[in-house]
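> with the input below, show me the fold.
(one chain, ligands or ions: 2)
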Amino acid sequence: MAAPLLEVNGVVKRFGGFTALNRVTIQVEAGERFGLIGPNGSGKTTLINCVAGSLYADEGRILFEGRDVTTLPPHRRTRLGIARTFQIPKPFASMTVRENLGIPLEYAGHARASDEDAQVAELLREIGLEAKAHLRPAGLTQIEMRKLELARAMAARPKLLISDEAMAGLSSGEVDDILAILLRLNAQGITIIMIEHIMRAVMRFSQRIVVLDAGERIAEGTPDQIVRNPAVEKAYLGE
Ligand code: ADP
Ligand code: MG
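Numbers count the residues shown, from 1 in each chain. Ligands and ions are numbered 1, 2, ... in the order given. Purely as a prediction, here's the structure:
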């Protein structure tokens, strides 16, 4: 049997005396649509920071395609196929949308000068931002910013895309728009971890969901199992 695409085994992350992740284990299969939920402060972003490499786990191991990436720097993980969006988008303010996509293409090592323009055009088409290519981020609406953030992650041509609350603050129609993009990317073969507070979206999207609460994994199951799990309800009621 093939190894899972991503294995997080017993990861611990401390900030000083505070334990943000306490021996968290998850496995994500290639091609899966995986939901990661939990109340605010439960450790979701910290976990993906450890997976993508912007933080290093204090204990435990992270394997990607069976390879130990626990101590690899972020750019090496990007090149192996791990990409993530940031909860607070951080595009380069002085660059246009188009220019903002050239940077991650180069970072991921995919851009050759000869076809960088074509690759950027393809990304813009994929995410539906063609008409905004010439704008600076300040000229974008909130959903367009989220799309730019997704396109920046997709520029790395990842195997695994981790979306960190890409739907926060959007209208219900806009949530459906982002959901459709993520479903389309998954249908193209990209494994997706969706971190999301909008339950309707994460329940519709995910084949399997893991729930974190106060740095601990408290539940795993299908969306149906998760909505009926009393421990999950309790965690959210306490929020
Ligand atoms: P979530 O994404 O689930 O809302 P986070 O992973 O952002 O939660 O945060 C988990 C906990 O770790 C929170 O209590 C948060 O305040 C704390 N935390 C996150 N990052 C840091 C940091 N760099 N330094 C100190 N504490 C942090
Ligand atoms: Mg977060």
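> quick one, helices of the chain?
For the chain, applying DSSP state H gives helices covering 44-52, 74-80, 97-107, 116-127, 142-154, 172-187, 199-205, 223-227, 230-237.
> out of the ones you listed, the one nearest ligand 1 is which?
helix 44-52 (3.3 Å; CB to the nearest ligand atom). All C-beta atoms are positioned from the backbone trio N, CA, C, and that covers glycine.
> per-residue pLDDT, the closest residue to Tyr236 other than its chain neighbours?
Of all residues not flanking Tyr236 in the chain, Pro39 sits nearest, at 5.9 Å (CB to CB, 6 or more residues apart in numbering). At Pro39, the model reports a pLDDT of 96.
> repeat for the one 5 residues further on
Model confidence at Lys44, expressed as pLDDT, equals 98.
> again with the one 3 residues further on
Among the per-residue scores, Leu47 holds a pLDDT of 98.
> isn't it up against Val11?
Yes: with contact defined as CB atoms under 8 Å, Leu47 reaches Val11; the gap is 7.0 Å.
> same drill for these two, tell me which one is more crowded.
Per other CB atoms under 10 Å, whichever of Leu47 and Val11 has more neighbours is Leu47, with 29 against 24.
> for the residue nearest to Tyr236, give me phi and psi.
In terms of degrees, to the nearest 10, the main-chain angles of Pro39 are phi -60, psi 170.
> around it, how many other residues sit close by?
18.
> look at the residue nearest to Glu59 when sequence neighbours are not counted and report its pLDDT.
Take Glu59 and drop its neighbours on the chain: the residue closest to it by CB to CB, 6+ apart is Val12, 3.8 Å away. Confidence at Val12, expressed as pLDDT, is 98.
> between Leu47 and Val11, what contacts are shared?
Shared contacts of Leu47 and Val11, defined by CB atoms under 8 Å, 6 or more residues apart in numbering, are found at Leu21, Val24.
> residues contacting the spatially most central residue of the chain?
What sits nearest the mean C-alpha location of the chain, by CA atoms, centre = their mean, is Ile162, with 1.6 Å. Ile162 makes contacts with Ile48, Val51, Ala52, Ile82, Ala83, Arg84, Thr85, Ala153, Ile192, Ile193, Ile195, as judged by CB under 8 Å, 6+ apart.
> in this protein, what helix or strand scores lowest on average pLDDT?
Scoring the helices and strands of the chain by mean pLDDT, DSSP states H and E places helix 97-107 at the bottom, with a mean of 88.
> how about the contacts made by the residue nearest to Glu59?
Counting by CB under 8 Å, 6+ apart, Val12 makes contact with Thr19, Leu21, Asn22, Arg23, Val24, Ala57, Asp58, Glu59, Gly60.
> distance of the residue nearest to the centre of the chain relative to Phe64?
The gap separating Ile162 from Phe64 is 12 Å, by CB to CB, to the nearest Å.
> kindly report the same for Arg184.
Taken as CB to CB, the span from Arg184 to Phe64 is 23 Å.
> which one is Ala52 nearest to, not counting chain neighbours?
Arg84 (4.6 Å).
> what's the pLDDT at that neighbour?
As predicted, Arg84 sits at a pLDDT of 96.
> quick one: it and Asp176, what's the gap?
For Arg84, the distance to Asp176 equals 22 Å [CB to CB].
> then Ile209?
19 Å.
> between the two, which has more neighbouring residues?
Ile209 (26 against 15).
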